[in-house]
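Colleague: What follows is a predicted protein model with its sequence.
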Amino acid sequence: MTRESVTAEITAIATELEADDSIGQYAAIIAEEVQHRDVQVTTSERTAAACLLAACRLREEPVRVTVIADQTAVSKEQILGEMQRLSRELEIGVPLADPERLIEKSCDELALPEPVRDRAVRLARIGDDVSVTSGVSPYTYTAAVLYVVCSPTDVDLSQADIAAHFDVSTATLRERRDDLLEATGSKLFEIQFPDASPEAVSLVDDLLTEARTTEWARNKRSLGILGGAWLYVANAAEIYTSATELATIIGVSDSTIRARYEQFVEYVDSANRAPVIASLEQR
């Protein structure tokens, strides 16, 4: 492999991607270092693709590996493997893509309105604060964030549309969505219902916390409990919503949400939370 052949491949791929010139130049510098250190590689195309992906990550340019793979005869797995190997050999710490940058780029690509973009950024930060991002692909995480914030809106994007845009399976997308919803319970309620009072948000937290230790909630799906708690607090605080709308957001049936809601009604009555509920109703 010669430096010229790798540089030519970088130029060809970067041209197809319509990448900024600085990205191609940075990738060429990485390729020169590969040559300088006499690092063994397989093919010039794979090395070029890996250098381009590394350059994008280092410059915080949100380009998906699948987009690069589409311009080559190399698979995304081969490109990622080569990039990881080269980063070890060259002792370069290649960061994961930043979800917030991915959100900004994806919202532009999908022509999503500003309110959706703002809610997505807020939710991404909340999820990161509670470690939902740990060990998760930033692209899969971003897909889950956008799926959650788009679900209750008039945005015409299906689960399959979002999964295809990020090149993830719908099953993986649903798993990450579930993780996100479970970890962000009351915070997501606050995003979904920005006019909710602090007392209402706090009650969501209290209900979810206490449900973990109550007999009626044993072996119940956590997302159904989440939906029931949301519906209970929304009704108590006179926030307009429905089990059907919440089912769209949370991903469980409206009948399950209504069933958990009824159980919360019984539980809250037995727990003598009347003063708390009364304070919500007076607001």
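Modeller: Perfect, thanks for sending it. Numbers count the residues shown, from 1 in each chain.

Colleague: got the contact list for A8?
Modeller: Residues in contact with A8 (Cβ atoms under 8 Å, 6 or more residues apart in numbering) are S44. All C-beta atoms are positioned from the backbone trio N, CA, C, and that covers glycine.

Colleague: And it, how far from L52?
Modeller: In this view, A8 and L52 are 13 Å apart by Cβ to Cβ, to the nearest Å.

Colleague: can you check I10 too?
Modeller: For I10, the distance to L52 - Cβ to Cβ - is 6 Å.

Colleague: Also V145?
Modeller: 26 Å.

Colleague: same question, I92
Modeller: 14 Å.

Colleague: Counting neighbours, go ahead and name the busier of these two.
Modeller: Higher neighbour count among I92 and L52: L52, with 31 against 14, using other Cβ atoms under 10 Å.

Colleague: The more buried one: which element?
Modeller: Using DSSP states H and E, the element containing L52 is helix 44-58.

Colleague: and P99, what is it in contact with?
Modeller: Contacts of P99 (Cβ under 8 Å, 6+ apart): A124, D128, T133, P138, Y141, T142, V145.

Colleague: The first one is in what secondary structure piece?
Modeller: Here A124 sits within helix 114-129, counting by DSSP H and E.

Colleague: Which of the residues in that helix are classified as buried?
Modeller: Within helix 114-129, the residues that qualify as buried are V116, R117, R119, A120, V121, R122, L123, A124, I126, G127, counting by 16 or more other Cβ atoms under 10 Å.

Colleague: per-residue confidence for the second one?
Modeller: To tie it back to what came earlier, the one meant is R117. Note on R117: pLDDT of 90.

Colleague: For it, which non-adjacent residue is closest in space?
Modeller: Closest residue to R117 apart from its sequence neighbours, by Cβ to Cβ, 6 or more residues apart in numbering: C107 at 4.4 Å.

Colleague: Which residues are in contact with that neighbour?
Modeller: Taking Cβ under 8 Å, 6+ apart as the contact definition, C107 lies against V116, R117, A120, L146.

Colleague: That one and L226: what is the separation?
Modeller: As defined by Cβ to Cβ, C107 lies at a distance of 26 Å from L226.

Colleague: do D21 as well
Modeller: 48 Å.

Colleague: next one: P99
Modeller: 22 Å.

Colleague: which of the residues in the top helix by length along the chain are buried?
Modeller: Secondary structure of the chain per DSSP state H: the longest helix is helix 170-192. Buried residues in helix 170-192, counted by 16+ other Cβ under 10 Å: 172-173, 176-182, 184-192.
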